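Visitor: Prediction below, plus the sequence it came from.
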Amino acid sequence: MLQELHINNFVIASQLRLRFGSGLNLLTGETGSGKSIIVDALSLLFGARAHAEVIRPGEHSAQVVGIFSINKSDTLQVILNEAGLHLDQDELILGREVLDSGKSRAYVNERPVTITLLRKLAPLLGDIHGQHEQQHLFATQAQLEILDVFAGTTAIAKDVATIYSSWHDTHKRLDGLRGNEQDRLRQLDLHEFQVREIEQAALEPNEMSQLEMEARLLENLEHIQQSAASAYDRLYDSTVSAGAQIKAAQRSVDELGQFDDTLRSMTETLNSAQAGVEDVSFNLRSFLDRLEPDPHRLEEIEDRIALLKKLQRKYGGSIEEVIDYGEKAQIRLDELRTGDAATAKLENEQQELARKYQLAAEELSKQRHQAANQLERQVEIALSDLAMERARFKIKFEAIEGGTTGWSTHGIDRVHFLVSANPGQPPRSLAQVASGGELSRITLALKTCLIAESETENGLIPRTLVFDEIDSGVGGRVAEAVGRRLERLADNHQLLCVTHLAQIAGFANTHFVVTKQEQDNAVVTSVEQLSERRRIEELARMLSGETITVEALQHAKQMIKRNSSRAS
């Protein structure tokens, strides 16, 4: 669960501190007030791409920190252990800093980590649904992924993808070996160059993060030296240092001990303090001795980082992927050199992989078909709760023919989600659903069905669900139905929702209002957690506009009272 979100110098937010509750957390405010800033900041914590444009004008960096209460799931422990992190408490702190250079830094429990780690942690902590996710649902691949999550076939689907990748790679290698001599020589030359280039680089895993850390130290060397030297002087190397003061105190206490035995224990305490000061001073002195200005070393590091980034652009997104690419290139090179023997070996491998793929893909397809009927029924029930009582939801399977030419990483199925919103209308694809309100409700229905089917402990469904304007295109009775659905969903999950509709905001367990003011000739966003009285005023504003009427206030009171009595 997301407990707190701290935002500094982000877009038009100077400094925000939000404490979220369990259940349904609602964000409201006028258009342009900055509600989306909260969602965008959370997206950064989950590994979204950073841009210097998000930094508040006049500042050099923006920071976002999220504090999550967590369950120590096995999946979470494995991910953290792989990154060299250990979880000692039921709390996880994610941090992200965006610099005016466009670069960004990521932290977990105040330790520097990669953005990739944030992206791995994100599905275990939260799920953000916005307008662009609705467009993403139009893609058949996304629909297949939804079906796999619902069916519990994600693991099988990954196995199928892995087998297919191996089969496809073997197929390509065979094509290369079977090609004409000119092609073979060309491939030989290419792979020799690639292997040589990667080997000469002498890559080490995690090298990039270590180099970047050393570069930051060298870039800030003067400041670091000053701070360390100041600490050393204060502790040890001056007549008024902490060490000197403790020694003086020791002499006085020793003298007092001659008159009162009870004071002798203080001597031991002071001895421990003196030893601690000397230990820290020794470490600081050693640290200072190692700090030597070395402009050539900084230049070497920058050149090395440039080389690593060049290799990453050519061969993979990370150093580990470049190393893996080099190993595979070496295998292909050996095969090109050995000729017929390698061809026969690869043909056997390809046949075995094809057999494994066929078996795994057929089992995956079988389970998908079985789950599709159940998902259809559950989505229709959810749509009925969302004031689409007569809507029909169908999953159409498209047969893939042509033998191995139709194979893919997704198996042997293609699916299409079809919807008929009204009786007499033929089912149409989601992309053809004309009403934005209908699409919002279909999206919410799918989301709730996935959540109902999945278990938090297996890492598939996160604990904090974020909906950015899920109410798009709805109003009146439909908006109230959406609010009730969100309220039910919040019984078992923490929700964070941005809404423009009072009918939905009335269901909030915790209600925030986002406003913007002019401060020092700049626009600044602020967020207020509302009391019951302020909630009534905000709902009335949403109902009647800038001029709040008596009728709107009365209506707002009734909405809160009705929803509170329903919840109890």
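Guide: Yes, it's here.
Visitor: the strands in the stretch 401-550 of the chain, which residues?
Guide: Per DSSP state E, counting those that start in this stretch, the stretch 401-550 of the chain carries strands over the ranges 413-420, 428-429, 464-468, 494-498, 510-519, 522-529.
Visitor: how about the fifth one: buried residues?
Guide: Using 16 or more other Cβ atoms under 10 Å as the burial criterion, the residues of strand 510-519 that qualify are 510-514, 516. C-beta coordinates here come from the backbone N, C-alpha and C atoms, glycine included.
Visitor: Reformat the strands of the stretch 401-550 of the chain into CSV and put mean pLDDT next to each item.
Guide: Output for the strands of the stretch 401-550 of the chain, formatted as CSV (pLDDT from 0 to 100):
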stretch, mean pLDDT
strand 413-420, 91
strand 428-429, 88
strand 464-468, 88
strand 494-498, 92
strand 510-519, 90
strand 522-529, 90
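Visitor: now the ones you listed in JSON lines, with distance to residue 202?
Guide: Below are the strands of the stretch 401-550 of the chain laid out as JSON lines (distance: least, Cβ to Cβ, whole Å):
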{"stretch": "strand 413-420", "distance to residue 202": "45"}
{"stretch": "strand 428-429", "distance to residue 202": "52"}
{"stretch": "strand 464-468", "distance to residue 202": "43"}
{"stretch": "strand 494-498", "distance to residue 202": "47"}
{"stretch": "strand 510-519", "distance to residue 202": "52"}
{"stretch": "strand 522-529", "distance to residue 202": "49"}
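Visitor: just those: most buried one?
Guide: Of all those, strand 494-498 has the most neighbours on average by mean count of other Cβ atoms under 10 Å, namely a mean of 25.
Visitor: elements contacting that strand?
Guide: strand 24-28, helix 35-45, strand 464-468, helix 476-489 (3 or more Cβ pairs under 8 Å, 6 or more residues apart in numbering; DSSP states H and E).
Visitor: Among the ones you listed, which comes closest to residue 279?
Guide: Minimum separation from residue 279 across these (Cβ to Cβ) falls at helix 35-45, 37.2 Å.
Visitor: sorry, back to before: can you lay out the helices and strands packed on strand 494-498 as a markdown table showing distance to residue 55?
Guide: Formatted as a markdown table, the helices and strands packed on strand 494-498 follow (distance: least, Cβ to Cβ, whole Å):
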| stretch | distance to residue 55 |
| --- | --- |
| strand 24-28 | 22 |
| helix 35-45 | 12 |
| strand 464-468 | 22 |
| helix 476-489 | 33 |
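Visitor: Point out the one among the ones you listed that comes closest to residue 562.
Guide: helix 476-489 (9.9 Å).
Visitor: how about the closest one as PDB, C-alpha atoms only?
Guide: Provided in PDB are the C-alpha atoms of helix 476-489 (Å, rounded to 0.1, in the frame of the first residue of the first chain):
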ATOM      1  CA  GLY A 476     -25.400  10.900 -14.000                       C
ATOM      2  CA  ARG A 477     -26.500   7.300 -13.200                       C
ATOM      3  CA  VAL A 478     -23.600   5.800 -15.000                       C
ATOM      4  CA  ALA A 479     -21.100   7.800 -13.000                       C
ATOM      5  CA  GLU A 480     -22.700   6.600  -9.700                       C
ATOM      6  CA  ALA A 481     -22.400   3.000 -11.000                       C
ATOM      7  CA  VAL A 482     -18.700   3.600 -11.700                       C
ATOM      8  CA  GLY A 483     -18.300   5.000  -8.200                       C
ATOM      9  CA  ARG A 484     -20.000   2.000  -6.600                       C
ATOM     10  CA  ARG A 485     -17.800  -0.400  -8.600                       C
ATOM     11  CA  LEU A 486     -14.700   1.500  -7.400                       C
ATOM     12  CA  GLU A 487     -16.000   1.400  -3.800                       C
ATOM     13  CA  ARG A 488     -16.400  -2.400  -4.000                       C
ATOM     14  CA  LEU A 489     -12.900  -2.700  -5.500                       C
END
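Visitor: Report the buried residues of that helix.
Guide: Of the residues in helix 476-489, those buried (16+ other Cβ under 10 Å) are 478-487, 489.
Visitor: again, but for stretch 118-135
Guide: For stretch 118-135, using 16+ other Cβ under 10 Å, the buried residues are 118, 120-122, 124-130, 133-134.
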